[in-house]
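**Student:** Coordinates for the following, if possible.
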Amino acid sequence: MRKAGTGWRALEIRRIVALLRPYAAGEGKRLAAAIALSISIVAIHVIRPWPLKWILDFLAKPDQRGAVDAWVASAPARGLFLLSLLFVALALAAAWADFAQSLLVNGLGNRILYRFRTALFANLMRQPLVFHEARDMGELVTRVLYDTSRLRRGVNGLMIRVFQTLAIFVATLAVLFWIDPLLGAVLAVGGLLAFASMHSRGRRIAVASKKQRRKEGKLAALMADDLGSVRELQTFGGSEGATHARFQRKNEKSLKYEQRVRKLASGLVLRVELLLALTIAVALWIGATAVQSGRVTPGDLVLFISYAIALRAPFTAFAYQTGRLGRTTACAERLARIMETEPAIQDAAHAIAAPALVTGISLDRVAVRAARKNRSARKMVLDSVSCRIPAGERTAVIGGNGSGKSTLLRLIPRLLEPSEGSVLYDGEDLRRYALSSLRSRMSVVFQDSVLAGLSVRDNLALGMPEATDDAIRAVTRAVGIHGFIERLPNGYDTRVRRSGDLFSGGERQRLAIARALIRDGPIWILDEPTTGLDQDAAQEMVDILFRATEGRTTLWVTHDSEMVERMDWVIELSEGTIQYTGPAARYVRRQAVGV
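**Tutor:** You can find the predicted model right below:
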């Protein structure tokens, strides 16, 4: 692994460019205009002090006749007025160019980062469940929102300040060496010392920024977890005391590193300011001596001092940007890791649409390893599981808590891939079929159903966007939720908040069942679908689901022995292994005789 900070500026700028280049497509004209404006600003910066030099040279020694002096001498009042007018025009042109460049470059950077953020979110949404379960939601939100905003500000400054300052410095040096090599050398030494200081301090800022971003991510994750558990924390008295102390500790650590980054960045700006002030002082002494000796004119000295003072603003901005670059690269590195993460579950190169299921789904010696962070005594959630799920029949999946039931269900829509073995769809590996076509054939109700941050109508039609309002209302009436929805502030257009906190657990589950009924897929996956419902409501939903799954391939997780008797097939799990698989009637008979 590369050590943090080694060749940091060139390497990290290249990484930022490589990260964002795909999202700059179609911005060629704007980029060309931004480059043209930068060239204009550099040219104006070089030309701007010359009218002042010509005026001072004419006033100091009117008998020395250069081409400009001779032209001014021919009509002094007109010449001095026009030179003064040129000086003002160049100042106005510089101001306009800076304004236009800021608008153009910021707009360009904003558009590129808008596309990048959209692609980043899309890539996160393509990642499998194991990716999200292994990460804190608060940290991912921080990356998508805060890190991309930081990257946007850094990129805008990078395009405006870093390269333009280098160009101004080189162009100014060329002019000064042409006028007087000694004065040019003074500015060159001062500028190079400033750049060296920025390089050495910039490495430290980059390292400190990466640590600070990690602390900020952990703080965001903690806050998301605590806010998501606010009901329990308040109920058990955890909203203060230990919870507050834990947040305070992490907040203090984040503040400590943020202050360190700010201190390093401010110290860098101060050091650059001092170097530039020292450079100007040395130049004044050498320049005054040169004027006395007649080697340079007073105008040449004023030209040099004007250049040195004019360089102060871009150099200070460059120093500030160097500090920001450290924080920008820390964000870019975190974002690049996400963008470079290919989804572990995706379509094969020649995936085809899933056909209608004919014989059934089967698991052939399937094993699923437990995530490292969730491992206890068991390393395998499922261990060498082989079983069959007959097409067109209802299969009960039973077993104790932690036996692997939900994991088995996740394998069918490929929300999870087996670590070993295969899941077969009519004898063909499930990975042969396109994810979208496979999942479009499934109606799913999870045990802990979550509603997306959409309207109630859009949540219900999530699996069937073309569903009509009449069809949606017919289903909601059937599951007994239509009246409640109508009483919401905006009825079916009411936006769902915070995964469905607007609804009780039972109402959320009814909505989830309604969503599955609206899709009405040929394959049903039901993970304890009546969780959160009272006995009468649960029986009502079971009857509705039994009618809906008639002749459909159905996997139904249940702990209800009476439900098992109504099923066609049974899969029993215990600690990740198969205890029984076969007809439900035979299983019931075995249970009756205690086998």
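
**Student:** what bits of the stretch 401-550 of the chain have low per-residue confidence?
**Tutor:** Filtered on pLDDT under 70, the stretch 401-550 of the chain yields the residue ranges 498-502.

**Student:** Could you do the stretch 51-200 of the chain as well?
**Tutor:** Along the stretch 51-200 of the chain, the parts satisfying pLDDT under 70 run over 61-66, 157-162.

**Student:** For it, which segments count as helices?
**Tutor:** Across the stretch 51-200 of the chain, reading from the start of the chain, the helices by DSSP state H, counting those that start in this stretch fall at 67-74, 76-126, 129-133, 137-142, 148-157, 163-179, 181-228.

**Student:** any idea which of these is most buried?
**Tutor:** Greatest average neighbour count among the helices of the stretch 51-200 of the chain goes to helix 148-157 (a mean of 21), per mean count of other C-beta atoms under 10 Å. C-betas here are computed from N, CA, C, even on glycine.

**Student:** got the contact list for A94?
**Tutor:** Contacts were defined as C-beta atoms under 8 Å, 6 or more residues apart in numbering; by that measure A94 touches I41, I44, H45, R48.

**Student:** and with 7 Å instead?
**Tutor:** I41, I44, R48 (C-beta atoms under 7 Å, 6 or more residues apart in numbering).

**Student:** wait, what's in contact with the last one?
**Tutor:** By C-beta under 7 Å, 6+ apart, the contact set of R48 is L90, A91, A94.

**Student:** would CSV of those residues with distance to L56 be doable?
**Tutor:** Compiled in CSV, these are given as follows (distance: C-beta to C-beta, whole Å):
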residue, distance to L56
L90, 16
A91, 17
A94, 20
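
**Student:** Neighbours of R249, how many?
**Tutor:** For R249, the count of nearby residues is 12 (other C-beta atoms under 10 Å).

**Student:** Direction-wise, compare the strand or helix carrying it with helix 163-179 and give the angle.
**Tutor:** For R249, the element it lies in under DSSP states H and E is helix 242-293. Following axes from the mean of the first three to the mean of the last three C-alpha atoms, to 10 degrees, one obtains 20 degrees for the angle between helix 242-293 and helix 163-179.

**Student:** Could you name the helices and strands sitting against helix 242-293?
**Tutor:** The helices and strands touching helix 242-293, judged by 3 or more C-beta pairs under 7 Å, 6 or more residues apart in numbering; DSSP states H and E, are helix 181-228, helix 298-339.

**Student:** what mean pLDDT does the last one have?
**Tutor:** What that stands for is helix 298-339. Across helix 298-339, the average pLDDT comes to 74.

**Student:** Give the next helix or strand downstream of that helix.
**Tutor:** Along the chain past helix 298-339, the next helix or strand (assigned with DSSP H and E) turns out to be strand 360-369.

**Student:** pLDDT averaged over that next one - what is it?
**Tutor:** For strand 360-369, mean pLDDT is 93.

**Student:** As a check, name the ranges of all strands in the stretch 451-595 of the chain.
**Tutor:** Across the stretch 451-595 of the chain, reading from the start of the chain, the strands by DSSP state E, counting those that start in this stretch fall at 523-527, 553-557, 569-574, 577-583.

**Student:** Direction included, what does the last one pair against?
**Tutor:** Take DSSP bridges as the rule and strand 577-583 pairs in its sheet with strand 569-574 (antiparallel).

**Student:** Give me the mean pLDDT for the strand it pairs with.
**Tutor:** Strand 569-574 shows a mean pLDDT of 93 in the predicted model.

**Student:** CA atoms only for that strand - export them in PDB, please.
**Tutor:** Presented in PDB, the C-alpha positions along strand 569-574 are these (Å, rounded to 0.1, in the frame of the first residue of the first chain):
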ATOM      1  CA  TRP A 569     -44.200 -28.900   1.100                       C
ATOM      2  CA  VAL A 570     -42.000 -28.300   4.100                       C
ATOM      3  CA  ILE A 571     -38.300 -27.300   4.600                       C
ATOM      4  CA  GLU A 572     -37.200 -27.500   8.200                       C
ATOM      5  CA  LEU A 573     -33.900 -25.900   9.200                       C
ATOM      6  CA  SER A 574     -31.800 -26.100  12.400                       C
END
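
**Student:** List the buried residues of that strand.
**Tutor:** Taking 16 or more other C-beta atoms under 10 Å as the basis for neighbour counts, the residues of strand 569-574 that come out buried are W569, V570, I571, E572, L573.

**Student:** returning to what we had before: out of the contacts of A94, flag the one nearest to Y307.
**Tutor:** Distance to Y307 across these (C-beta to C-beta) is lowest for R48, with 9.3 Å.

**Student:** show me what contacts the residue nearest the centre of the chain?
**Tutor:** Compute the mean C-alpha point of the chain, and by C-alpha atoms, centre = their mean the closest residue is V144, 2.7 Å away. Taking C-beta under 7 Å, 6+ apart, we find V144 in contact with R117, L120, F121.

**Student:** again, only this time at 8 Å
**Tutor:** Contacts here follow C-beta under 8 Å, 6+ apart; on that basis V144 touches R117, L120, F121, L124.

**Student:** again with T494
**Tutor:** For T494, the contact set (C-beta under 8 Å, 6+ apart) comprises S455, V456, I485, L488, L502.

**Student:** 6 Å instead?
**Tutor:** When contacts are counted by C-beta atoms under 6 Å, 6 or more residues apart in numbering, T494 is found next to V456, L488.

**Student:** okay if I get the contacts of V144 as CSV plus distance to S266?
**Tutor:** Rendered in CSV, the data for the contacts of V144 read as follows (distance: C-beta to C-beta, whole Å):
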residue, distance to S266
R117, 30
L120, 31
F121, 34
L124, 35
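
**Student:** hmm, back to that, which one of the contacts of A94 is nearest L462?
**Tutor:** Nearest to L462 among those, counting by C-beta to C-beta, is I41 at 51.5 Å.

**Student:** isn't that closest one right next to A97, touching?
**Tutor:** Yes - applying C-beta atoms under 6 Å as the test, I41 and A97 come out as touching, 4.9 Å apart.

**Student:** Brilliant, that's me finished.
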